[in-house]
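1. when you get a sec, could you give me coordinates for this:
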Amino acid sequence: MTDTVISTVVEGEDIYGVAAITTQVVQEAQRLRGACPTASAALGRLLTGGVLMGCLCKDLTHRIALQVTCKGPIQKIHVEANGAGQVRGYLGQPVVNLPSRRGKLDVGGAVGKGVLHVMRDVGHREASTGAVPLVSGEIAEDLAAYFAQSEQIPSAVSLGVFVSPDQQVTAAGGFLIQFHATLPDDLILHIEQSLAAVPSVTNMVREGCTPQEMLQRALGGLPLNVVRTLTPQWACRCSRTRVSQTLVALGADELRQLATGQRHEHVRCEFCGTTYDFTPAELDALLHEAMAVEQGSV
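-> Residues are numbered from 1 along each chain as shown. Next comes the predicted model:
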């Protein structure tokens, strides 16, 4: 099934749901990072979470960054997404593959204790930021805890990545449901029972469920209105110009050390792995640019 993400609202209720199939996005991430199964699942879950949270943005240009800093062998997971469904991400350590736990990839063990950082850039002068301790390291529970603690929005989050015996990602997706008002007791009970009975995301994706069908099963058949449909895509924004700007931002002192070495400098994008080569002459030109910037700021 083609990757898809939808935004929905429940008719007559203050319930908002987003759901996504992200198999192709996670496959691309695994290919680019050369990630082992457990690491691929960890990155894939946060990538899917980024797609879902990006879909909550009101504007397609709004951006969100999710970063897990942790004590587990993965060390760090960083994901960036926007309202148009574009997403990218990387791992601190992609070569992590732990024994399965209760028949599932041990993402929680690979992540361990740590902190989830969330940054939202919605066009204001300053981006809003929040951070919460990880609840389990399984990613979905950690995102739900972030919404409850930092934004005071009760949320149900489910994420999944299935890696086949040949160590390839073959299914990925997730859903996020938010409750923006106090609901009647009978409706709360209905949703709780539905969420408790819903199959795992990976099972639903492998069965061929669409994002809308996943939400309908999670919400026990409540009537949904689809308000937006997008195609999630892996999209890295790196370019030679952006890397040059990053080098200038290092400052004249740092660039002077690189330029005086009289050797080529190789800068590798953490997201897609593209390597940019800078000659001594190019580094010297960037040094002069950095010096001009610093002199102009005095």
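2. and the strand or helix carrying Thr246, average pLDDT?
-> According to DSSP states H and E, Thr246 maps onto helix 240-249. When pLDDT is averaged over helix 240-249, the result is 94.
3. can you start the count at 2 instead of 1 from here on
-> Taking 2 as the first residue, the last one we looked at is helix 241-250.
4. toward the C-terminus from that helix, list the very next helix or strand.
-> Beyond helix 241-250 on the C-terminal side, the first helix or strand identified by DSSP H and E is helix 253-261.
5. which outside residues touch that next one?
-> 248-249, 266, 281, 284-285, 287-288, 291-292, 295 (Cβ atoms under 8 Å, 6 or more residues apart in numbering). Where C-beta positions appear, they are placed from N, C-alpha and C, glycine not excepted.
6. if we go to 7 Å?
-> The contact list for helix 253-261 (Cβ atoms under 7 Å, 6 or more residues apart in numbering) reads 248, 266, 281, 284-285, 287-288, 291-292, 295.
7. report the buried residues of the helix holding Thr247.
-> 244-245, 248-249 (16 or more other Cβ atoms under 10 Å).
8. got it, and stretch 120-137?
-> Within stretch 120-137, the residues scored as buried using 16+ other Cβ under 10 Å are 121-122, 133, 135-136.
9. now do stretch 273-286
-> Quick answer for stretch 273-286 (16+ other Cβ under 10 Å): 273, 277, 279, 283-286.
10. next one: stretch 169-182
-> Those would be 170-180, for stretch 169-182 by 16+ other Cβ under 10 Å.
11. ok, now stretch 54-69?
-> Quick answer for stretch 54-69 (16+ other Cβ under 10 Å): 54-56, 58, 63-69.
12. do the same with stretch 19-33
-> Residues of stretch 19-33 classed as buried: 19-31, 33 (neighbour count, 16+ other Cβ under 10 Å).
13. keep only those of those residues that are in strands.
-> Counting by DSSP state E, the part of the buried residues of stretch 19-33 found in strands is 19-22.
14. distance to Glu14 added to the buried residues of helix 241-250, as TSV?
-> Shown next, in TSV, are these (distance: Cβ to Cβ, whole Å):
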residue	distance to Glu14
Val244	48
Ser245	51
Leu248	51
Val249	51
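15. what ranges does the stretch 102-251 of the chain have for its helices?
-> Assigned helices in the stretch 102-251 of the chain, in chain order: 108-112, 141-151, 186-198, 202-208, 212-219, 241-250 (criterion: DSSP state H, counting those that start in this stretch).
16. of those helices, which is nearest Lys77?
-> Closest to Lys77 of the helices of the stretch 102-251 of the chain is helix 108-112 (Cβ to Cβ; 9.7 Å).
17. and the closest one, what other elements does it pack with?
-> helix 38-56 (3 or more Cβ pairs under 7 Å, 6 or more residues apart in numbering; DSSP states H and E).
18. with that, I have no additional questions.
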